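Q: Give me the fold of what follows.
(one chain, ligands or ions: 1)
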Amino acid sequence: MSSVREFAAEAAIESLANNTSASAINVQQVLTSLQSISYLKLFVTLVCVGLVWDQISYQTKKGSIPGPRWKMWPVLGPFLESLDPKFEEYKAKWDAGPLSCVSIFHKFVVIASTRDLARKILQSPKYVKPCVVDVAIKILRPSNWVFLDGKEHVDYRKSLNGLFTKTALAQYLPSQEQVMDKYIEKFVSISKDNKYEPQVFFHEMREIMCALSLKAFCGSYITEDQIRKVADDYYLVTAALELVNFPIILPFTKTWYGKKTADMTMKIFEQCAQMAKDHVAAGGEPTCVMDAWCKLMHDAKTHNDENARLFHREFSNKEISEAIFTFLFASQDASSSLACWLFQIVADRPDVMQKIREEQLRVRDNDPSMPLSLDLIDSMKYTYMVVKEALRYRPPVIMVPYVVKQKFPVAPNYSAPKGAMLIPTLYPSLHDPEVFEDPEEFIPERWVEGSPANQAKKNWLVFGSGPHVCLGQTYVMMTFTALIGKFAMYSDWEHKVTPLSEKIKVFATIFPKDDLHLSFKKRDPISGKVEA
Ligand code: HEM
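A: This next block holds a predicted model:
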């Protein structure tokens, strides 16, 4: 350390010595003062310079937008708050102004709370790209398509869109219906074991969502044991990818367990991908996403149109497994959030439950055993509106973090600096009183065709907008309409309302703060008789 100080002193002397003779006197002074600085003084000086620099940098980036006057914790900022995010604190930020800011560690974060600013950001791939925590790249692997940007991303996305069209989704329905039937039985059985006393159902909701996704993605190639294992362990991936996490994967930490789970799951997906390739090569019809992908590759060999050209190369098992993992990753938390709110709200609103039941029997001509199909789901207009309203009322994804690639003139009076995190918020536009009368009320009928809500397409930001708009949105609407319809016919569930039921807990997405207390009983869909 002392040699560093001496070197600094000598360097200072050398450069100054080249100047005038007046400076030569100063050289002596500088040398003397540098040599007399104690280690402690040097350290304190450096810290002070760092802190002042940190504040100046914050003020420059902040400009005129609302945010803490000073970085309260000069370096840490509201790091501790971000470890335990509170919905009310986010809401206060959105209410602070169309743009507001905060600083966490060295990261400067700008939050955009209006519909138009959110849309502008989501639709400006020239200036921004999705922001992921460092550890996500390690867990999802750097080779994953989801990290592509610009044209490369757009091209890859085109090849995936075909897996989630309505026609493609219809092929996955039979396997999904099996899962729905199984879980109706399972939820009743769990409740029976607990003497039909309401109990926490948060974990069960996550499990059914995982099982539904895995069946849709991998069909019969994934075994019941594998589904159970992935469903049991998946929360380790969510925990590893929290916004604030240690960027290096150390053994036995959250991120280490998350990576282990992700690797285990992708290994299973790789095996399934090979089975799907074999099935399609043998002339089999698609029954899951993997089959559909292999079929597109297979059919592309004999076609040369624009769509077929996207599949003129062989996607490896590893590549397919990584992409399928991103589908699970993107769907699991958001779908579980929607499931929790939907089951809670429908139980709390007997009028809504009754209308769903009436419709479910009507569209099936009073034959509850009629299998799910695209046309059948399309005819469930009221049930669809219930799902849509649940998504508006409690949008699972409230904000989507992006990172600024180059200085972005996001508003006439403000440019977001390169490297800043820019977060468009989705919640405020879905609770905008100008568009949604009584926005804090759950009103499925607001979505009837031609209504103001239905016409305000720009406010429908539940699934984002622009090049990264949710790939699974049609899947979500179809799956949940079918799911809540079947549960309403074949089961009767009770929700225990607690003071925390309507309060929002933020855990990647949003959940009822009391973790949802439910109890399910078997119900005869025709007579409506409930088993005691
Ligand atoms: C209720 C359930 C869901 C909600 C609320 C939701 C919402 C979102 C949102 C807000 C985004 C970011 C959009 C943007 O940046 O503009 C997104 C992206 C994405 N979602 Fe979903 N999602 C849900 C379920 C699903 C499901 C089931 C799948 C897969 C089957 C899926 C696949 C994806 C993918 C792959 C992306 C990234 C797309 C890209 O970067 O090109 N999501 N989703």
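Q: near the ligand, which residues of the stretch 1-150 of the chain show up?
A: With CB under 6 Å from any ligand atom as the criterion, the stretch 1-150 of the chain meets the ligand at residues Leu122, Pro130, Val146. To be clear about C-beta, it is placed using only N, CA and C from the backbone, and glycine gets the same treatment.
Q: Just the element for the spatially closest residue to the last one that is not a sequence neighbour, please.
A: In this case it means Val146. Closest residue to Val146 apart from its sequence neighbours, by CB to CB, 6 or more residues apart in numbering: Thr326 at 4.6 Å. Per DSSP states H and E, Thr326 falls inside helix 317-348.
Q: Tell me the buried residues in that helix?
A: Using 16 or more other CB atoms under 10 Å as the test for burial, helix 317-348 gives 317, 319-347.
Q: filter these by proximity to the ligand?
A: Within the buried residues of helix 317-348, those near the ligand by CB under 6 Å from any ligand atom are Thr326, Phe327, Ala330, Ser331, Ala334, Ser335, Leu338.
Q: Surely the fourth one and Gln473 touch.
A: By that I understand Ser331. No - using CB atoms under 8 Å, Ser331 is not in contact with Gln473, being 10.7 Å away.
Q: residue boundaries of the strands in this structure?
A: Here the chain has its strands, by DSSP state E, at 99-104, 107-112, 128-130, 199-200, 402-404, 408-411, 414-416, 421-424, 491-495, 504-507, 509-512, 517-522.
Q: CA atoms of stretch 137-149 as PDB?
A: C-alpha atoms of stretch 137-149 as PDB (Å, rounded to 0.1, in the frame of the first residue of the first chain):
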ATOM      1  CA  ILE A 137     -28.600 -16.000 -17.700                       C
ATOM      2  CA  LYS A 138     -26.800 -18.700 -15.800                       C
ATOM      3  CA  ILE A 139     -30.000 -20.600 -14.800                       C
ATOM      4  CA  LEU A 140     -31.700 -20.400 -18.200                       C
ATOM      5  CA  ARG A 141     -28.300 -20.700 -20.000                       C
ATOM      6  CA  PRO A 142     -26.700 -18.000 -22.200                       C
ATOM      7  CA  SER A 143     -27.600 -20.000 -25.300                       C
ATOM      8  CA  ASN A 144     -31.400 -19.600 -24.600                       C
ATOM      9  CA  TRP A 145     -33.500 -17.900 -27.300                       C
ATOM     10  CA  VAL A 146     -35.100 -15.700 -24.700                       C
ATOM     11  CA  PHE A 147     -32.000 -13.500 -24.400                       C
ATOM     12  CA  LEU A 148     -31.900 -12.800 -28.200                       C
ATOM     13  CA  ASP A 149     -32.500  -9.100 -29.100                       C
END
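Q: if you average pLDDT over that stretch, what comes out?
A: Averaged across stretch 137-149, pLDDT comes to 91.
Q: thinking again about what came up before, tell me the contacts of the residue nearest to Val146?
A: Shown in contact with Thr326 (CB atoms under 8 Å, 6 or more residues apart in numbering): Leu140, Asn144, Trp145, Val146.
Q: Report the two of these separated the most.
A: Leu140 and Trp145 (9.6 Å; CB to CB).
Q: And these two? Which one has more around it.
A: Leu140 (22 against 18; other CB atoms under 10 Å).
Q: Thought Glu322 was touching the more buried one, still the case?
A: Yes - with contact defined as CB under 8 Å, Leu140 reaches Glu322; the gap is 7.1 Å.
Q: who in the stretch 351-500 of the chain is up against the ligand?
A: Residues of the stretch 351-500 of the chain found near the ligand (CB under 6 Å from any ligand atom) are 396-397, 400, 462-466, 468-472, 475-476.
Q: cutoff 5 Å now
A: The interface of the stretch 351-500 of the chain toward the ligand, taken as CB under 5 Å from any ligand atom, is made up of Pro396, Val397, Val400, Phe463, Gly464, His468, Val469, Cys470, Leu471, Gly472, Tyr475, Val476.
Q: Could you list which of these belong to helices?
A: Tyr475, Val476 (DSSP state H).
Q: which one of the residues of the stretch 351-500 of the chain next to the ligand sits closest to Thr498?
A: Pro396 (21.0 Å).
Q: what residues does the stretch 201-350 of the chain put near the ligand?
A: Going by CB under 5 Å from any ligand atom, the residues of the stretch 201-350 of the chain near the ligand are Phe327, Ala330, Ser331, Ala334, Ser335, Leu338.
Q: follow-up on the earlier one: out of the ones next to the ligand among the buried residues of helix 317-348, which two sit at the greatest distance?
A: Thr326 and Leu338 (18.7 Å).
Q: what about the closest residue to Lys229 other than its chain neighbours, how many residues close to it?
A: The shortest distance from Lys229 to any non-neighbouring residue, by CB to CB, 6+ apart, is to Met264 (7.5 Å). Residue neighbour count, defined by other CB under 10 Å, stands at 14 for Met264.
Q: cool, Glu358 as well?
A: That count, for Glu358 with other CB under 10 Å as the rule, works out to 12.
Q: domain assignment for this protein?
A: 2-131, 137-522 (automatic domain parsing).
Q: Can I get those domains in a markdown table including distance to Val530?
A: Shown next, in a markdown table, are these (distance: least, CB to CB, whole Å):
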| stretch | distance to Val530 |
| --- | --- |
| domain 2-131 | 35 |
| domain 137-522 | 5 |
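Q: Check the ones you listed for me and report the most buried one.
A: Neighbour counts (mean count of other CB atoms under 10 Å) averaged over each of the domains of the chain peak at domain 137-522, with a mean of 18.
Q: picking up where we left off before, quick one: closest of the strands of the chain to Ala456.
A: Per CB to CB, nearest to Ala456 of the strands of the chain: strand 421-424, 17.2 Å.
Q: Distance of the residue nearest to Lys229 relative to Ser321?
A: Met264 sits 11 Å away from Ser321, going by CB to CB, to the nearest Å.
Q: what does Gly219 give?
A: For Gly219 relative to Ser321 (CB to CB), the value is 15 Å.
Q: tell me how far stretch 107-121 is from the chain's mean position?
A: 17 Å (CA atoms, centre = their mean, to the nearest Å).
Q: Ala508 contacts Glu242, doesn't it?
A: Yes - using CB under 8 Å, Ala508 makes contact with Glu242 at a distance of 7.2 Å.
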